[in-house]
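Student: can't give you the sequence, but here's the structure:
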């Protein structure tokens, strides 16, 4: 039984009674609960969004070129049309600028001592092994994509100062004083994640090891300030940082290689550029995937082949690529390793000489020379003269054709010569009188009156010009005409000294002035090019990519130029490829000039490396050699062997305390800092007591395979691309890439 107190029973009744008697409150409207969460923002049409449509495609076959490595982020500016961003098979579009960020951009920094930077891995590993043995601490390699070299790093230190004792110890052991502390690549653990942050602050994460960025409009993408075809692949490397890669079609890649390996402004023969295009295409095809561990096929530096992208393309090299599209060099049904060199010095070497251990049968020694004599018929042999004397001879031959040379030389003969020159130019003389005398002053005043040069002197010359060009000469008509002649290249102060106005003007001086003035008037034109062939009085000169055939009349002067000196020749002997100038009056050849080449008969004779001289002090060579083999003193360099092309194959270095070691192949030129292994050596000791080593040599590069400058020389002689390539690569075929199995 439940017992209730009285107060407990009455309380509810009292409350009910009070409510019944109270005034009713105003009605209350009840509102639904308020949601305090922010409203979801609709995605902006320019923001990153996924799509099922692939709009930007890179046509196969595709090449991936490494441009930069170990970046904390990769920025992409806003562009018209925006970008496609591909993560594997997933496709996104974005119409904003953005950056892709690496997971370890702010990783812990450690330091090492860099004791070398070497392009071949074997040599780098040897140097690292030596450092490990001498120091007893860690020594390993770090590959630098930007310069395609292996950095040899010793030790791992928390800061730069901590590395100093080990650096000092290495220097004391004979390592170069130039070795310095550098940052080590990070070994910090990281998540495989890429962050994309756009320029509005929106952020997206991708669980991916690479993103491909391709512009939706235009033909190029800007990467690190330069324009490239195709797209940019941002690769997460095994160090947690980013490698920046240009991904593009093979043919587009070759367009960016040819003008950087053989600049068309110098290498202006399309057949040579076509040979380079085929070699470059073959090289990348045979080495595709060589840097797969870093996310690309090939580097963009001379360690692979130089690639500059869209911004470096040239119309002539693009033509060469188009006309050879898809062609590669094959041996035994496979693309060859198409090594090539800048200047071979007249002969290439077997691959095993420069690259010990290699023996490809198509990379054999090849001759880069073929003596083919061209003989042209002139009128006479003269003494050596200068440029003004040559001009005078041409002018004399043209203006006095069919006339006997007057032995006398005076005012009358000068007036006749000027009148004849005026007739050639269609210039009516403004005066019929002859000069007062043959003195320079009188002749110049006469030219000023007859040809209106007085007016040019008044209008075009400042008083300061006159004092500068004709120092010490009193102002007057003659001085001003002479200054006009100098200013407008009708006379050179080196060739014609017109400042002595009281001396007699010689026949050659006048005729040289007349020639130059007629050249300015367009009567004479000079076509420069290269001799293709010739015989007797027929000559073919190649001007850029056009062959000009000329037949010159008997009595036409022929000249051989020897640097700044010239000599007229009765019989002019030359070889195809020599520099040639046709002096023409309309369609008539008034003179032929051939430049004698002191670098000999090789196809690569025009290269600035067809001969070279390098002189080093002993301490300079110590520093250079120490980059690979640390030494503190250099006592001797001895050549131990040469190959059939006369390249040095083996070299002995004698260092401190009689210690010796041998260099073989490419490390010889790398250690000595010289262009090629094709050299002779001389040692001298100056009055200052310093020992100097002088290298006389020729060639530039490793000297194996296709010779770039040699190909230019062959093309100048009329060779086609296939003929050029088959000279340098033994028993090869030029075939479409598509015809090769597995390609």
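Tutor: Sure, I can see it. From a predicted model like this one, the values you see are computed outputs, not experimental measurements.
Student: ok, the most centrally placed residue in the chain - contacts?
Tutor: With distances taken as CA atoms, centre = their mean, the residue of the chain nearest its centroid is residue 260 (4.5 Å). Taking CB atoms under 8 Å, 6 or more residues apart in numbering, we find residue 260 in contact with 306, 307, 308, 312. To be clear about C-beta, it is placed using only N, CA and C from the backbone, and glycine gets the same treatment.
Student: helix or strand right after the helix or strand where it lies?
Tutor: Element membership of residue 260, judged by DSSP states H and E, is helix 250-261. The helix or strand immediately downstream of helix 250-261 is helix 270-286, counting by DSSP H and E.
Student: out of the contacts of residue 260, which is most surrounded?
Tutor: residue 307 (27 neighbours; other CB atoms under 10 Å).
Student: torsion angles phi and psi at that one?
Tutor: phi -130, psi 130 (degrees, to the nearest 10).
Student: how much space separates the residue lying closest to it once chain neighbours are set aside from residue 632?
Tutor: For residue 307, ignoring the flanking residues on the chain, the nearest one in space by CB to CB, 6 or more residues apart in numbering is residue 300 at 4.2 Å. From residue 300 across to residue 632, the span is 37 Å (CB to CB, to the nearest Å).
Student: and the two? which has more neighbours close in?
Tutor: Neighbours of residue 300 and residue 632, each counted by other CB under 10 Å, are more numerous for residue 300; the result is 26 against 17.
Student: show me what contacts that one?
Tutor: Contacts of residue 300 by CB under 8 Å, 6+ apart are 65, 66, 67, 246, 306, 307, 308.
Student: just send those residues back as JSON lines, with pLDDT, distance to residue 586 and secondary structure too.
Tutor: JSON lines is the format used below for the contacts of residue 300 (pLDDT from 0 to 100; distance: CB to CB, whole Å; DSSP: H, G, I helix; E, B strand; the rest coil):
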{"residue": "65", "pLDDT": "97", "distance to residue 586": "51", "secondary structure": "strand"}
{"residue": "66", "pLDDT": "95", "distance to residue 586": "56", "secondary structure": "strand"}
{"residue": "67", "pLDDT": "95", "distance to residue 586": "53", "secondary structure": "strand"}
{"residue": "246", "pLDDT": "97", "distance to residue 586": "51", "secondary structure": "strand"}
{"residue": "306", "pLDDT": "97", "distance to residue 586": "44", "secondary structure": "coil"}
{"residue": "307", "pLDDT": "98", "distance to residue 586": "46", "secondary structure": "coil"}
{"residue": "308", "pLDDT": "97", "distance to residue 586": "42", "secondary structure": "coil"}
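Student: just those now: which is nearest residue 81?
Tutor: residue 246 (19.2 Å; CB to CB).
Student: the closest one and residue 74 touch, don't they?
Tutor: No - the pair residue 246 / residue 74 is not scored as a contact, 12.0 Å apart, by CB atoms under 8 Å.
Student: overlap in contacts, these two.
Tutor: Common neighbours of residue 246 and residue 74 (criterion: CB under 8 Å, 6+ apart): residue 232.
Student: now residue 70: which helix or strand?
Tutor: With DSSP H and E as the test, residue 70 turns up in strand 62-71.
Student: same deal with residue 481?
Tutor: Going by DSSP H and E, residue 481 is part of helix 477-487.
Student: packing partners for that helix?
Tutor: helix 440-450, helix 453-460, helix 463-469, helix 507-520 (3 or more CB pairs under 8 Å, 6 or more residues apart in numbering; DSSP states H and E).
Student: now the shortest one: mean pLDDT?
Tutor: Going back to what we said before, that points to helix 463-469. The average pLDDT within helix 463-469 is 86.
Student: domain ranges for the chain?
Tutor: Here the domain parsing of the chain from automatic domain parsing is 63-104+193-247, 111-183, 250-369+703-739, 372-409+506-598, 427-505, 612-697.
Student: weakest of those domains in terms of mean pLDDT?
Tutor: Lowest mean pLDDT of these: domain 427-505, a mean of 80.
Student: start and end of that domain, how far apart?
Tutor: Length of domain 427-505, first residue to last, CA to CA, to the nearest Å: 22 Å.
Student: same question for stretch 166-185.
Tutor: Taking CA to CA, stretch 166-185 runs 19 Å from one end to the other.
Student: and stretch 691-704, by the same measure?
Tutor: End-to-end distance (CA to CA), stretch 691-704: 33 Å.
Student: next one: stretch 355-372
Tutor: With CA to CA, one end of stretch 355-372 sits 33 Å from the other.
Student: may I see the buried residues of that stretch?
Tutor: Along stretch 355-372, these residues count as buried under the neighbour rule (16 or more other CB atoms under 10 Å): 355, 360, 362, 363, 364, 365, 366, 368, 369, 370.
Student: now the first one. Nearest residue, chain neighbours left out?
Tutor: Spatially, and ignoring its direct neighbours in sequence, residue 355 is nearest to residue 665 (6.4 Å; CB to CB, 6+ apart).
Student: pretty sure that neighbour contacts residue 649?
Tutor: Yes - at 7.0 Å, residue 665 counts as touching residue 649 under the criterion of CB under 8 Å.
Student: now do the shared contacts for the two.
Tutor: Common neighbours of residue 665 and residue 649 (criterion: CB under 8 Å, 6+ apart): 353, 677.
Student: hang on, the earlier thing: okay, the contacts of residue 300 in TSV with distance to residue 619 next?
Tutor: Compiled in TSV, the contacts of residue 300 are given as follows (distance: CB to CB, whole Å):
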residue	distance to residue 619
65	39
66	36
67	37
246	42
306	32
307	37
308	37
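Student: residue 135: which of those residues is nearest?
Tutor: The closest of those, once distances to residue 135 are taken by CB to CB, is residue 66, at 31.3 Å.
Student: contacting residues for the residue lying closest to the closest one once chain neighbours are set aside?
Tutor: Closest residue in space to residue 66, ignoring its immediate chain neighbours: residue 296 at 4.0 Å, by CB to CB, 6+ apart. Counting by CB under 8 Å, 6+ apart, residue 296 makes contact with 64, 65, 66, 233, 235, 243, 245.
Student: now for those residues: which two are most distant?
Tutor: Taking CB to CB as the measure, the contacts of residue 296 span a maximum distance of 11.8 Å, between 65 and 235.
Student: who touches both of those two?
Tutor: 245, 296.
Student: these two - which one has more neighbours?
Tutor: Set side by side, residue 65 and residue 235 show more neighbours around residue 65, with 27 against 24, by other CB under 10 Å.
Student: that one and residue 275, how far apart?
Tutor: Taken as CB to CB, the span from residue 65 to residue 275 is 22 Å.
Student: residue 143 - that's part of a strand, no?
Tutor: Yes - residue state for residue 143 (DSSP: H, G, I helix; E, B strand; the rest coil) corresponds to a strand.
Student: distance of it from residue 552?
Tutor: Taking CB to CB, one finds residue 143 at 60 Å from residue 552.
Student: more crowded one of those two?
Tutor: The residue with more neighbours, out of residue 143 and residue 552, is residue 552; 23 against 20, by other CB under 10 Å.
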